[in-house]
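Undergrad: Just need the structure, nothing else, for what follows:
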Amino acid sequence: MVTLPPEPTPTTWADLLAQQQRAQRLNTPCGDGQLVWHRWGEGAPVVLLHGGSGSWIHWVRNIDALAQAGHSVWVPDLPGFGDSSPPPEGHDADVMPPLLEQGLATLLGTTPVDLIGFSFGGMVASLWAAAHPARVRRLLLLGAPGLGIERAQPLDLRMWSHLPEGAPREAVMRHNLLALMLQHPASVTDLVLRMQAHNLKREHRRMKRRMLSQTDVLRHTLPRLACPLWGLWGTNDALFVDRHAEVAQALALAPHFRHLHWVPDAGHWVQFEAHAAVNAWLLDWLAPPP
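TA: Presented below is the predicted three-dimensional model:
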């Protein structure tokens, strides 16, 4: 197990902005606009793809650990999210790999990368790896949907956009975060609430019609992967409660499936809620040659 040095974990909005300032910001084409990339560190490249209704800040507790360990960390705002423009056509995971590949070819040439996708970003990462096998050395999925696994109970997510800013809207956002993203009430800090509001405010309207996560698109993509595949899931992921065996069976459809690791006492946003355990696991995963 790799021993991590002490690292500043962002706990305030000012900390997050300081982390953003340390990044190199790069733009590549996205339709008539720009696909925004953020880069930290130097070394072997690892690319992190965020979840739905998110941005690069889904990885706010992981970036510094990877960069300090000697990796160049590339985190785009996916098309239609964060500071990136919407894709010129379509509005779901399947339209994003060509834009990402075009952008990374400009930034890194043909250099292969280790690719990590969280939730919606896991579907994007898998489609990208299947379409461009020379690009991806290793693939790691965190809490990725699209496996054709039905939830035991529907998620109790509530509407918030009609509410004025203030306590009522904050209460609904806190409820939704605990219903889907996080396990522990203590995990829903003031920073998390501000991050959530910030991401939702910038999500382009056309991206709200995403439906592929409710299909089995990932299950059908896994057999086409040429790279080794790993999975990293929170044991209490709201999307897969009591479905652990089914997740393992689905990931095993990949020809080069290696291992599925369950992180104890963590929800869907596992790399945030259990960042210390996940960062240690990631550094072990990245340490050996592929």
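Undergrad: Which stretches in the stretch 151-290 of the chain count as helices?
TA: Taking DSSP state H, counting those that start in this stretch, the helices of the stretch 151-290 of the chain run over residues 167-176, 190-202, 217-221, 244-251, 270-273, 275-286.
Undergrad: Now do the SS call for A134.
TA: coil (DSSP: H, G, I helix; E, B strand; the rest coil).
Undergrad: Number of residues surrounding T106?
TA: Residue crowding around T106 was assessed by other C-beta atoms under 10 Å; the count is 14. C-beta: built from backbone N, CA, C; applies to glycine.
Undergrad: next one: L17
TA: 10.
Undergrad: Show the end-to-end separation of stretch 248-258, please.
TA: End-to-end span of stretch 248-258 (C-alpha to C-alpha, to the nearest Å): 11 Å.
Undergrad: what residues does that stretch touch?
TA: Stretch 248-258 has contacts (C-beta atoms under 8 Å, 6 or more residues apart in numbering) with 141, 147-149, 218-219, 222-223, 225-231, 260.
Undergrad: Which residues does the closest residue to I116 other than its chain neighbours form beta bridges with?
TA: Distances taken as C-beta to C-beta, 6 or more residues apart in numbering place L140 nearest to I116, at 4.6 Å, with adjacent residues excluded. With DSSP bridges as the criterion, L140 is bridged to I116, W230.
Undergrad: L140 reaches W230, doesn't it?
TA: Yes. Between L140 and W230 there is a contact at 4.8 Å, judged by C-beta atoms under 8 Å.
Undergrad: How many neighbouring residues does the residue nearest to N27 when sequence neighbours are not counted have?
TA: Leaving aside its sequence neighbours, N27 sits nearest to Q34 (C-beta to C-beta, 6+ apart; 4.2 Å). For Q34, the count of nearby residues is 17 (other C-beta under 10 Å).
Undergrad: you'd agree Q34 is in a helix?
TA: No. Counting by three-state DSSP, Q34 falls outside a helix, being strand.
Undergrad: Bridged to it, which residues?
TA: Beta-bridge partners, per DSSP bridges, of Q34: P29.
Undergrad: I'd say it and G82 touch.
TA: No. Under the criterion of C-beta under 8 Å, Q34 is not in contact with G82, lying 11.1 Å apart.
Undergrad: In the stretch 101-250 of the chain, where is pLDDT below threshold?
TA: Within the stretch 101-250 of the chain, the stretches with pLDDT under 70 are 205-206.
Undergrad: give me that answer again for 80
TA: Counting by pLDDT under 80, the ranges of the stretch 101-250 of the chain that qualify are 152-153, 160-163, 203-209.
Undergrad: The helix or strand harbouring V46: what's the following helix or strand?
TA: Per DSSP states H and E, V46 falls inside strand 44-49. Helices and strands here follow DSSP H and E; after strand 44-49, the next one along the chain is helix 63-68.
Undergrad: moving C-terminal of that following helix, what's the next helix or strand?
TA: Next element after helix 63-68 (DSSP H and E): strand 71-76.
Undergrad: for that following strand, packing partners?
TA: strand 33-40, strand 44-49, helix 63-68, helix 97-108 (3 or more C-beta pairs under 8 Å, 6 or more residues apart in numbering; DSSP states H and E).
Undergrad: related to what we said a few turns ago, what about the contacts of stretch 248-258, which one has the most neighbours?
TA: L141 (29 neighbours).
Undergrad: Now for that one: which residues touch it?
TA: I116, G117, G122, A125, S126, L229, W230, G231, L232, L251 are the contacts of L141 under C-beta under 8 Å, 6+ apart.
Undergrad: can I get those residues in JSON lines with distance to L16?
TA: Output for the contacts of L141, formatted as JSON lines (distance: C-beta to C-beta, whole Å):
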{"residue": "I116", "distance to L16": "20"}
{"residue": "G117", "distance to L16": "21"}
{"residue": "G122", "distance to L16": "23"}
{"residue": "A125", "distance to L16": "24"}
{"residue": "S126", "distance to L16": "28"}
{"residue": "L229", "distance to L16": "31"}
{"residue": "W230", "distance to L16": "28"}
{"residue": "G231", "distance to L16": "28"}
{"residue": "L232", "distance to L16": "23"}
{"residue": "L251", "distance to L16": "32"}
